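**Q** Below are the sequence and a predicted model for it; my questions follow.
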Amino acid sequence: MSTVLLILRRCALRHWRLAFKQQLALMLILALGSSVYLSVRLASNAALSGFETFTDGVTRQPDWTVQALAGSLHEADLRSMRELLGPRPVSLLPVVEETVTPALDKGNGEIGSRATWRLLGVDFIALLNLRGEAPAGLGASNLQSMHAGVYVSPKLGTKAGEELRLIADDRVITLKVAGVVPEVPGVPSLPAHLLLMDLPEAQTILQRSDRIDRVEVLSQDSPTFPQLREETGALLKTRWQVRGGSDRRQLAGTMTQAFRLNLTILSLLALLVGGYLIFQALDGVVLRRRNEIGILKSLGVTDRAIQIAFLLEAALLGLCGGSLGVLLGWLGAQAAVGGVTKTMNALYGATSEQQASLSLSEASLALSISILASLIAAWWPARMAARTPPAHMLGHHATPFEGGTVWRVEWIGWTMMLAAVLLAQLPVLRFENGTRLPLAGYTAALLWLVGAGLAASTILRFVARKKALSAVWRIALSHLRRPTVRHRFAVAALASAVAMTTGMAVMVASFDHTMRGWIDRTMKADIYVSSAGAQSASSTHAITQKTVAELGQEPGVEELAFVQARTLLWHGGEVLVLGTNPVFTHKHELYAWVQAPQHQEWWKTEDDITPAIMSESWSERFATHVGDVIDLAGHKVRVVAMNAEYGNERGSLTLPSAMFRAWFDTDEAWRVALMLKPGVDAETVRSHIEASQPGLSVFTNAHLRREALRIFRQTFSVTHALEVIGVIVAVVGLGLALTSLLLERRSVLTTLHSLGMTRREISKSAALEGLGVACAGAFTGIAAGLWLGWLLVYRINKQCFGWTLQFHAIWWHLAVLGAAVIATGMLVAALVGRWAALLPPEHLEE
Amino acid sequence: MSIHESRQAVTIPMPVLEVQSLTKSYAERTILRGVSFNLSQGERVALLGPSGSGKTTVLNCVGGVDRADHGSVTIAGRVLSDLSADGLALLRRTHIGTVFQFYHLLPTLSAAENIELPLQLLGVATSERETRVRQLLQRVGIAHRAAALPGQLSGGEMQRVAIARAVVHRPTLILADEPTGSLDTATGAQVLDLLAEIVQETQAALLLVTHSPEAVKHCQRVLRMQDGQIVEGA
């Protein structure tokens, strides 16, 4: 070990000092990779924490949360619960909760662009009874002196006495800030976006007299607590929908799993490309230090000591880069949390923006990953340094390293690709709550990418079969015909990066194409109306029948229909139940059928089983088929058809409106569609409604289409950015690989100089070599990417979200991608070649 | 200037190589201290001297891969210090052939392709290239190894290929740096015989850097170097 430390101190770290800028660049590469990973992780965690039950900030986590099987609870239910539980030491905390948004002075803004706050109505008296369990600043003395109005966190930045203008459902309401609840160290504090008020007042404001959204059940401390908890739950489950206190966060975690997985994979990709650059850079370092390594070996330093010293140097690099990455990652998370929250809001429902906080475990994880990436990247260069005989290191006999079997045998690559094709046929893994993991699909994608990278050398050799017209071409092609491991690695990286970009481009284009078709088929109304508080496709803010009637009276409106919505728990997962007017939807052909009903008038039934249409996501999530009869909220439902629904991935079930009203005992609307009389200008009607109904979001057909596509593109914006980074890094990697190749070929360059080749010709030869690598990488990448696109569209996407997409590739996009990769690859190679040509010839020592 | 013009402009005067008062230093260390000598057409000259005496530096300066600090090198009437980097490259490809101790064959080109390369650089027509390469392969006795890569050849075979590559474009000056330094005695002797014969056939001038007394026997004149100076034979 002392030898290793001696090498590290006397050699490696002195190189750091002598080539400080180079080392700094390596650290920055690692820092950027780990910071992207950490910032995405912290931001996604912060956004997820916004899904927590907001009562967690007011009381401790409840043992159980009780809701009605369908619709709302009534105050009578509270009494029934108390009677059912008898003298057990259990506290019941009735709650009404609604998402509210600040009312804007003008216009609706973009969907998902407004802040979303939770208005929580809690029974202050019941809260008082939770002896010692009231939160920070809500002690008994405070509660007793509480006034009418809303209580807020100091983080909200408002003062007592100020007024908040908010939108709740379809109305603009004004709430007076009764007090700011101070934060007390060591006890939970109110979340920043929670507005707390007394239950009766909240019921009045939200127009829910006698109605309760849920009851939180808190068992009091007793020696028999676990038994009491189980007993309470079992009793309540006989009449209501009951879930554990932590279920809601778990549910949010499950719901957003695919989105977060996507983000994590993309952020790991950033780290991977960083690792690739480190690999190329360390490879160059080994080449530059080969004389020194040769001398050390000839002095008796063992291969193992050399290898360990290189790995330790890499670990040190990872530690320095990772530490910088933690700092940058934390800063990046503060910037990213808004974007991630906004996207989660638009896709999954109201979550509030939180501050991304850095814990010791997260920082340690990021640091460990950075060190690990650095060690993995250094493994091969360190092995090469250790294994190459000293005579080779010392110059005259230097030969290109041919690499292991895996690089030489292209059929391994082809076999991996074949295995990927077979794996892609396997079904998805299913878990509780309808959660699915397309493990076989992901493995197939990974195998395909690695396999395509390995097999790309076949294309490289094919490209090199071109007949050489000149000496410059001959030299360039001769290197490609017998590619070294560095050639193969550069081609593999380029092919993989281009394949990933192509695959993602195909998926996004397919999604875009399918979405447009679906929007054309289903969005035929002239104007769409929803609550201005609905900042997500999954929000279920209500519009009262009074407002619906007023909309019907608007001049220019010929016909009107509305959709009702409620979320329910089914098989442990949250689902959306919709109610529509089937005659209206049938008349205007608003369904995009995946499996059409056998009878056109599907809503008519001869038995007492409710007919329903399920979305594809429902079918995929719960393995339900058309014709199945299922039990839902105490009702029997027959699935009569399946429609395409790209608005949510949780799955939805559409009932005829009459049955929906009977189930949920409500006539509130969720979305309203207006058909205008011929010749009426939609924009005029929209402006008029917006002016007269400030609590509503009103969109013309064209505007809503634009918004739908904007949200869709927003979802993929991170993906696009990382794709571009991936390709840039692969091209830079090509440059570094060529640098290493030319350094290794220093004696060949000397020979070429001696044979009379000009610097320009040497540079051109290197550029042509780079062109060959770039062509092989681009062609293989695009070809492999098309299949990857197929896998994403038809297998992984279908298994994750249940959506059928139409395969669509924008060929000119792919042609531009290929041309850009080839052109930049050639340019980078020309620059490297120019640098190599300017190197002084290797002197022939005596 | 095109390669064709370059060849025409350089009418071959006598002597082929003139080295005048060459000095060269690296950092604080002086390697060459006023080296002067000439080589005539067809002349074979051995450059001898202990390690560090400056032999290889002379060879590098003469071959145009390194520049002297002072003094001049004239090859076929062209003063090297007057030429640009490209001009030097054109001169090398036209007038100079080099044989290295460690062969320095391009590892990705076959024996025949290695020999063909200088002709391809000069833009010689394919048919003539093929004829000349075939003849030379036979002349150096490795016609049967034409398609082999350098890695598949023995040391002697590689040096034969290197000699063929050095003379294929009919240079006026051949520079050889320890051409037998990596070979066993018997093979080294064969290679030296071959080199001397081919040089005689082509009437090129040969500057041979060597330690070997055997190699000296193949030369008509010996230049001895010590401490950066020619102490005998200039």
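**A** Yep, that arrived.

**Q** which secondary structure elements does the helix or strand harbouring A:W812 contact?
**A** Under the criterion of DSSP states H and E, A:W812 resides in helix A:811-837. The elements that helix A:811-837 packs onto, with contact taken as 3 or more Cβ pairs under 8 Å, 6 or more residues apart in numbering or on different chains; DSSP states H and E, are helix A:485-522, helix A:701-744, helix A:759-790. For glycine as for every other residue, the C-beta is placed from the backbone atoms N, C-alpha and C.

**Q** Now do the strands in chain B.
**A** B:17-26, B:29-39, B:44-48, B:70-75, B:78-79, B:96-99, B:173-177, B:205-209, B:221-226, B:229-232 (DSSP state E).

**Q** Would you format these as TSV with mean pLDDT included?
**A** Converted to TSV, the strands of chain B look like this (pLDDT from 0 to 100):
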stretch	mean pLDDT
strand B:17-26	91
strand B:29-39	91
strand B:44-48	92
strand B:70-75	92
strand B:78-79	91
strand B:96-99	90
strand B:173-177	91
strand B:205-209	92
strand B:221-226	92
strand B:229-232	88
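
**Q** Which one of the ones you listed lies nearest to chain A?
**A** Among the strands of chain B, strand B:96-99 comes nearest to chain A, with 4.6 Å by Cβ to the nearest Cβ.

**Q** Now render the strands of chain B as JSON lines, adding distance to chain A and mean neighbour count.
**A** Supplementary listing: the strands of chain B in JSON lines, determined by distance: least, Cβ to the nearest Cβ, whole Å; neighbours: other Cβ atoms under 10 Å in any protein chain shown:
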{"stretch": "strand B:17-26", "distance to chain A": "9", "mean neighbour count": "18"}
{"stretch": "strand B:29-39", "distance to chain A": "11", "mean neighbour count": "18"}
{"stretch": "strand B:44-48", "distance to chain A": "11", "mean neighbour count": "23"}
{"stretch": "strand B:70-75", "distance to chain A": "12", "mean neighbour count": "19"}
{"stretch": "strand B:78-79", "distance to chain A": "13", "mean neighbour count": "16"}
{"stretch": "strand B:96-99", "distance to chain A": "5", "mean neighbour count": "28"}
{"stretch": "strand B:173-177", "distance to chain A": "6", "mean neighbour count": "25"}
{"stretch": "strand B:205-209", "distance to chain A": "8", "mean neighbour count": "27"}
{"stretch": "strand B:221-226", "distance to chain A": "11", "mean neighbour count": "18"}
{"stretch": "strand B:229-232", "distance to chain A": "16", "mean neighbour count": "16"}
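
**Q** Make a markdown table out of these and add distance to B:K55.
**A** Formatted as a markdown table, the strands of chain B follow (distance: least, Cβ to Cβ, whole Å):
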| stretch | distance to B:K55 |
| --- | --- |
| strand B:17-26 | 12 |
| strand B:29-39 | 10 |
| strand B:44-48 | 5 |
| strand B:70-75 | 15 |
| strand B:78-79 | 22 |
| strand B:96-99 | 14 |
| strand B:173-177 | 8 |
| strand B:205-209 | 5 |
| strand B:221-226 | 6 |
| strand B:229-232 | 10 |
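
**Q** For chain B, which residue gets nearest to chain A?
**A** B:R93 (2.3 Å).

**Q** For the closest residue to that residue other than its chain neighbours, which residues are in contact?
**A** Leaving aside its chain neighbours, B:R93 sits nearest to A:G756 (2.3 Å; criterion: Cβ to Cβ, 6 or more residues apart in numbering or on different chains). Contact partners of A:G756, counting by Cβ atoms under 8 Å, 6 or more residues apart in numbering or on different chains, are B:A89, B:L90, B:L91, B:R92, B:R93, B:T94, B:I96, B:P118, B:L121.
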